[in-house]
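Undergrad: Compute the structure for the input listed below.
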Amino acid sequence: MYPTRPTRLARLLLLGAAMYFPIPAHLAAVQGHPTIWQGTLGEPNPITPELSTEELQHLLEAGGTPVLDVRSAQEYAIAHIPGAINLYEKEVEQVTRAFPDKAAALVLYCNGPFCGKSKRLSQELVGRGYTRVKRYQLGLPVWRALGNTVQTDLAGARYILAGDKTAVWVDARSAADFARGSLTGAVNIRRGEAEAANDDGRLPKEDKGTRVVVFADTPEQARQVAAEVAHKAYWNSSYFGGPFRDLNAGSTR
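TA: Below is the predicted model of the structure:
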């Protein structure tokens, strides 16, 4: 039996609440009910099955299963789930050329519960004989709301630098490196400092929806700080997936 509409709505409300009251993903379901990470939309009569956030996390950690971000190239460059491959939903021929084995597992995601891109492409692939297509229909917004980090590529960073003057750029390098030069207006937040930065003004405590982009000498260094920032409920945060020198913004402090 499929859940009723109120049940699905309740699940969506719980997903939003997780942004403020995070629960570790490894916790088991309580009294037979799934945790936020184990929940899905529970859509009636789905053409392809859904994955929960927990299941997607496990797939990404294990590797080997392609996860396709089926949004536009620009959306992908601005923010995407680390490890995902960008193949636009309207370019199905590219998908079939990249993954000719119709029995291979594929996971698709896009812009959340009301985004139709992953649904349309999954339906097209099933029509072409693919048998193991799944969707993370909760998508990028829920992934981020649950405190997971996302990656920004060079094209996305340049787009933000050029067009979003409200964005907060976080330099996660050492204080000495920061003092020698950084992006104009950047703030220095190193690993372990997100809590203090949330209180001392380096992060915009009164506007948690502000775009925050973390960069460093290595993507891993940036990712670690971005994860801490995300766990302070900055859901619109990401990390730059390249070294600081690649930003090449032209002006430094």
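Undergrad: Tell me the first helix or strand C-terminal of the lowest-mean-pLDDT helix or strand in the chain.
TA: Within the chain, no helix or strand scores below helix 5-17, which has a mean of 44 by mean pLDDT, DSSP states H and E. Tracing the chain C-terminally past helix 5-17 and defining elements by DSSP states H and E, one meets helix 53-62 next.
Undergrad: which parts of that next one are buried?
TA: 53, 54, 55, 56, 57, 59, 60 (16 or more other CB atoms under 10 Å). For the C-beta atoms, the positions are set from N, CA and C on the backbone; glycine is no exception.
Undergrad: Equivalent analysis for stretch 123-132, please.
TA: By neighbour count on 16+ other CB under 10 Å, the buried set for stretch 123-132 is 124, 125, 130.
Undergrad: For residue 40, see how far away the first one is.
TA: Using CB to CB, to the nearest Å, we find residue 124 at a distance of 21 Å from residue 40.
Undergrad: Got the confidence number for residue 155?
TA: The pLDDT attached to residue 155 in the predicted structure is 97.
Undergrad: meant to ask about residue 247, not that
TA: pLDDT at residue 247 comes out at 91.
Undergrad: One more: residue 45?
TA: Value listed for residue 45 in the pLDDT field: 88.
Undergrad: can you start the count at 837 instead of 1 from here on
TA: All right, first residue 837 from here; so that's residue 881.
Undergrad: my guess is residue 909 meets residue 925, correct?
TA: No. Contact status for residue 909 versus residue 925: not in contact, 11.8 Å apart, counting by CB atoms under 8 Å.
Undergrad: who's more crowded, those two?
TA: Set side by side, residue 909 and residue 925 show more neighbours around residue 925, with 22 against 14, by other CB atoms under 10 Å.
Undergrad: re earlier: output the buried residues of helix 889-898 in a markdown table; the columns should cover distance to residue 1022.
TA: Below are the buried residues of helix 889-898 laid out as a markdown table (distance: CB to CB, whole Å):
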| residue | distance to residue 1022 |
| --- | --- |
| 889 | 31 |
| 890 | 34 |
| 891 | 36 |
| 892 | 32 |
| 893 | 30 |
| 895 | 34 |
| 896 | 29 |
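Undergrad: Can you report how many residues neighbour residue 883?
TA: Counted with other CB under 10 Å, residue 883 comes out at 14.
Undergrad: if I pick it, what's in contact with it?
TA: Neighbour list for residue 883: 955, 958, 959, 962 [criterion: CB atoms under 8 Å, 6 or more residues apart in numbering].
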